[in-house]
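Participant: Structural data only, the sequence is not supplied:
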């Protein structure tokens, strides 16, 4: 059994980037990482553009101009302005080549035929030059850039339709247990509704990992071994829940050994989630999480989250940890470090009742975990505690 920090270090050291790429339509590439540099196909803006609603001027010494027309956004004609002439213009509209400044409409008086401006303007005033953002052929976004909504908008404005991005992992969730049935079926005595797969699927979706399949296996050694062989051979990340402890019907550990999965560690000195396995085979990362829901989700956020971030080349791989003032008292039982379900708000954190690893109701309203180190026996109200913020 290893410490939490050793387990985290092992996960970091043994989680590898995918080194795979795929082509995505720009509008579907959000949250992906660019696999190669992207160069501008056009100048942006592609023409001299008005920065605001107002009047485009061919500058002269006086403050009065003769109004000869207007240019709206989307217009493609080019009115020719002589010195002392102006056109009404709108934000984003093309500025005529013969205009050299734009006066905002709030600084102009007009009778419909002439305009009077408040003061003289400098050349280029309120005009966005062609290629001001980026010039055709220049680097638009560097390789390894995460595609945020703003980045998607930027690439779309350059006319780029597809990009090469780092491929996200193909993930399998495997649930084990004869007692598990699907919601909607009659709940016979001794059965429970399966929830871990939906819980983990939702956690993955919230992190924008969508290539996920769910697999169910009974408590049978041959079926367990066969299913694990299949998912390990065809997925980048395998997350198993249940069957990893030492009961008579816990077959996951034996199956992983027989499949020659390299064990990086098994069992962590922590509560909840002691019977946690992490290993690899070829390029597949494998986590076997405890079957109890709260323990499974805690282990997912503390350990599997790191692997997901490492696979995507991210620099920050752990969830944020902050110091917060406890609003609760808590007495720790036993000598294992603990992760406590909690609600964080504005520098304060409330440790919730119901910390059992089987209790989902408490986790359902949590947005944080309070970490209680091995050497801390109790937490008093107003104590400063380490708080892990969950991505909820």
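Facilitator: On my side now, so go ahead. Only a predicted model underlies this, so the values are computations on that prediction, with no experimental measurement involved. Numbers count the residues shown, from 1 in each chain.

Participant: How about the secondary structure of the residue of the chain positioned farthest from its centre?
Facilitator: For the chain, the largest distance from the centre (CA atoms, centre = their mean) belongs to residue 62, which lies 55.9 Å off. Residue 62 falls in the coil class when you classify it by DSSP: H, G, I helix; E, B strand; the rest coil.

Participant: wait, doesn't it sit right on residue 83?
Facilitator: No: using CB atoms under 8 Å, residue 62 is not in contact with residue 83; the gap is 10.0 Å. C-beta coordinates here come from the backbone N, C-alpha and C atoms, glycine included.

Participant: quick one on the thing from earlier: find the residue closest to the residue farthest from the centre of the chain in space, skipping its chain neighbours.
Facilitator: Leaving aside its chain neighbours, residue 62 sits nearest to residue 84 (7.0 Å; criterion: CB to CB, 6 or more residues apart in numbering).

Participant: Do you know the pLDDT at the one you found?
Facilitator: With respect to pLDDT, residue 84 scores 97.

Participant: Over to residue 249?
Facilitator: Looking at residue 249, its pLDDT is 63.

Participant: and the worst-scoring helix or strand of the chain on mean pLDDT, which strands flank it?
Facilitator: Lowest mean confidence among the helices and strands of the chain (mean pLDDT, DSSP states H and E): strand 180-181, at a mean of 75. Strand pairing for strand 180-181, determined by DSSP bridges: strand 192-193 (parallel).

Participant: tell me the contacts of residue 32?
Facilitator: 24, 146, 147, 163, 165, 166, 168 (CB atoms under 8 Å, 6 or more residues apart in numbering).

Participant: Let me know the closest of those residues to residue 106.
Facilitator: For residue 106, the nearest member of the contacts of residue 32 is residue 147. The distance, counting by CB to CB, is 37.7 Å.

Participant: Just give me the neighbour total for that closest one.
Facilitator: For residue 147, the neighbour count with other CB atoms under 10 Å is 21.

Participant: Apart from its chain neighbours, what residue comes closest to residue 318?
Facilitator: Per CB to CB, 6+ apart, closest to residue 318 is residue 306, 6.0 Å.

Participant: Go ahead and confirm the one you found touches residue 10.
Facilitator: No: with contacts counted by CB under 8 Å, residue 306 stays clear of residue 10, the gap being 10.0 Å.

Participant: The residue farthest from the centre of the chain and residue 151, how far apart?
Facilitator: Going from residue 62 to residue 151 by CB to CB, to the nearest Å gives 46 Å.

Participant: Which residue of residue 306 and residue 10 possesses the greater neighbour count?
Facilitator: Set residue 306 next to residue 10 and count neighbours by other CB under 10 Å: residue 306 wins out with 20 against 16.

Participant: related to what we said a few turns ago, in strands only, show me the contacts of residue 32.
Facilitator: Among these, DSSP state E puts 24, 163, 165, 166 in strands.

Participant: Against residue 145, how distant is the closest residue to the last one other than its chain neighbours?
Facilitator: Right, residue 166. Distances taken as CB to CB, 6+ apart place residue 33 nearest to residue 166, at 4.3 Å, with adjacent residues excluded. Distance, residue 33 to residue 145, using CB to CB: 7 Å.
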